[in-house]
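**Q** Here's my sequence, what's the structure:
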Amino acid sequence: MQNEISVSAQALQWRCVESKVDSERLHYSRFAISPFRCGQANTVGIAMRRALLGEIEGTCITCAIFKKVTHEYSTIVGIQESVHDILINLKEIVLKSNSSETQKAFISILGPKKITAQDIILPPSVKIIDTTQYIATITKPIHLDIELEIEKDCGYRIQDSVKSIDGYFPIDAIFMPIRNANYSVHSFENNNKIQEILFIEIWTNGSITPKEALYEASRSLIDLFIPFLHTEKKETIDGLKTEYKPNDISDFSSFSPVTDKLTKEITFKHIFIDQLELPARAYNCLKRVNVHTISDLLNYSQDDLMKIKNFGKKSVEQVLEALEKQFSINLPKNKLYFH
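**A** Residues are numbered from 1 along each chain as shown. Below you'll find the model as predicted:
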């Protein structure tokens, strides 16, 4: 199969050059994408590998609830494995879910019996990839009941063992359906130009095919970069449309309050007071008291500025005017009201 897209005035082509299924829980494919200009293939390879390993959702069991069991290292009479061993086996079960909500599943078995993944009673939205995966063995005619919680997410989650109380055992979750991802770049000459071909290798756990993984990673990267393509926010003032300047950092209206605060704090740490274009007297006075950035200046109130040696009322007015004009910031009168 071959697909074409237009990138940088070139006809980029990609195809699957190798594919195999080693087992239900190990799928492999190798893809070739070309032609790239020198340097482009490495850029795409790095981004794709990170997206494959960190951005694709997977499903796994995140909690097991046992009746009448108090500790993870407990043993149950008539069960060959300890509770800890059963939890490790449950952690390895490969699942696929169509729901983003936490799902409930159950194991309710009367022994003697060898329990495998096919014995899990699942909701309709969840599917088991390999039903032969081993869980435990009941050696006596006893009943084993386990309630399971199933979640869909990205990356991995290390559970807090302190939360393991009264038979409720959180399980470390590895949501990543990608077992491994590699890429390599090779150069070739085409019409007296050096171009590159990118090879991407993808191994999955069977809950998603390598080709589907490539699609998902690509979509994830596109979604991440789309905000950078948005046109600058426009306002209508007296019937005229105006655009914010590229360096206008005073507007964070699309951010959440927490993100807004953090963004401003980080941004102002990297903006020097030189941008205020203050008169030499005010500028030098601030420098003498180690005020070098806007962030440093925001630690002062108007009353604090007045206490700086040789920093008079006029200098304070010049600072206030510059802050208002450049960054829409109003310094408080005193620190009592300063946040």
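
**Q** Do a quick rundown of the strands in the stretch 51-200 of the chain.
**A** Assigned strands in the stretch 51-200 of the chain, in chain order: 58-66, 95-97, 103-110, 113-116, 126-128, 134-138, 143-153, 156-157, 168-170, 173-174, 178-190, 193-204 (criterion: DSSP state E, counting those that start in this stretch).

**Q** okay if I get the ones you listed as a markdown table plus distance to Y215, mean pLDDT and mean neighbour count?
**A** Every C-beta, even on glycine, is put in place using the N, C-alpha and C of the backbone. Shown next, in a markdown table, are the strands of the stretch 51-200 of the chain (distance: least, C-beta to C-beta, whole Å; pLDDT from 0 to 100; neighbours: other C-beta atoms under 10 Å):
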| stretch | distance to Y215 | mean pLDDT | mean neighbour count |
| --- | --- | --- | --- |
| strand 58-66 | 15 | 95 | 22 |
| strand 95-97 | 16 | 96 | 21 |
| strand 103-110 | 24 | 96 | 16 |
| strand 113-116 | 31 | 96 | 17 |
| strand 126-128 | 19 | 96 | 18 |
| strand 134-138 | 32 | 97 | 19 |
| strand 143-153 | 17 | 95 | 19 |
| strand 156-157 | 22 | 89 | 14 |
| strand 168-170 | 32 | 92 | 19 |
| strand 173-174 | 22 | 92 | 18 |
| strand 178-190 | 13 | 93 | 15 |
| strand 193-204 | 11 | 94 | 19 |
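
**Q** Return the distance of the residue of the chain most remote from its centre relative to T116.
**A** Within the chain, N310 marks the point farthest from the mean C-alpha position, 50.4 Å out by C-alpha atoms, centre = their mean. Relative to T116, N310 is positioned 82 Å away (C-beta to C-beta, to the nearest Å).

**Q** just to revisit the earlier point, for the strands of the stretch 51-200 of the chain, which one sits closest to R30?
**A** strand 193-204 (4.9 Å; C-beta to C-beta).

**Q** I'd like the next helix or strand past the closest one.
**A** Using DSSP states H and E, the helix or strand that follows strand 193-204 in sequence is helix 210-229.

**Q** And that following helix, what does it pack against?
**A** Applying 3 or more C-beta pairs under 8 Å, 6 or more residues apart in numbering; DSSP states H and E, one finds that helix 210-229 contacts strand 10-23, strand 26-37, helix 40-54, strand 193-204.

**Q** Which residues outside the longest one are in contact with it?
**A** Outside helix 40-54, the residues within contact range by C-beta atoms under 8 Å, 6 or more residues apart in numbering are 8, 33-34, 36, 154-155, 176, 178, 181-185, 196-198, 200, 202, 213-214, 217-218, 220-221.

**Q** again, but for the second one
**A** Strand 26-37 has contacts (C-beta under 8 Å, 6+ apart) with 8, 10, 12-22, 41, 44, 179, 188, 190, 195-206, 209-211, 214.

**Q** Buried ones in that strand, by neighbour count?
**A** Buried residues in strand 26-37, counted by 16 or more other C-beta atoms under 10 Å: 27-36.

**Q** Repeat that for the first one.
**A** Judged by neighbour count (16+ other C-beta under 10 Å), strand 10-23 contains these buried residues: 12, 14, 16.

**Q** coming back round to it: adding distance to I129 and pLDDT, write the buried residues of strand 26-37 out as JSON lines.
**A** As requested, the buried residues of strand 26-37 are exported to JSON lines (distance: C-beta to C-beta, whole Å; pLDDT from 0 to 100):
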{"residue": "H27", "distance to I129": "10", "pLDDT": "97"}
{"residue": "Y28", "distance to I129": "15", "pLDDT": "97"}
{"residue": "S29", "distance to I129": "17", "pLDDT": "96"}
{"residue": "R30", "distance to I129": "22", "pLDDT": "95"}
{"residue": "F31", "distance to I129": "22", "pLDDT": "95"}
{"residue": "A32", "distance to I129": "27", "pLDDT": "95"}
{"residue": "I33", "distance to I129": "28", "pLDDT": "94"}
{"residue": "S34", "distance to I129": "33", "pLDDT": "91"}
{"residue": "P35", "distance to I129": "37", "pLDDT": "92"}
{"residue": "F36", "distance to I129": "35", "pLDDT": "92"}
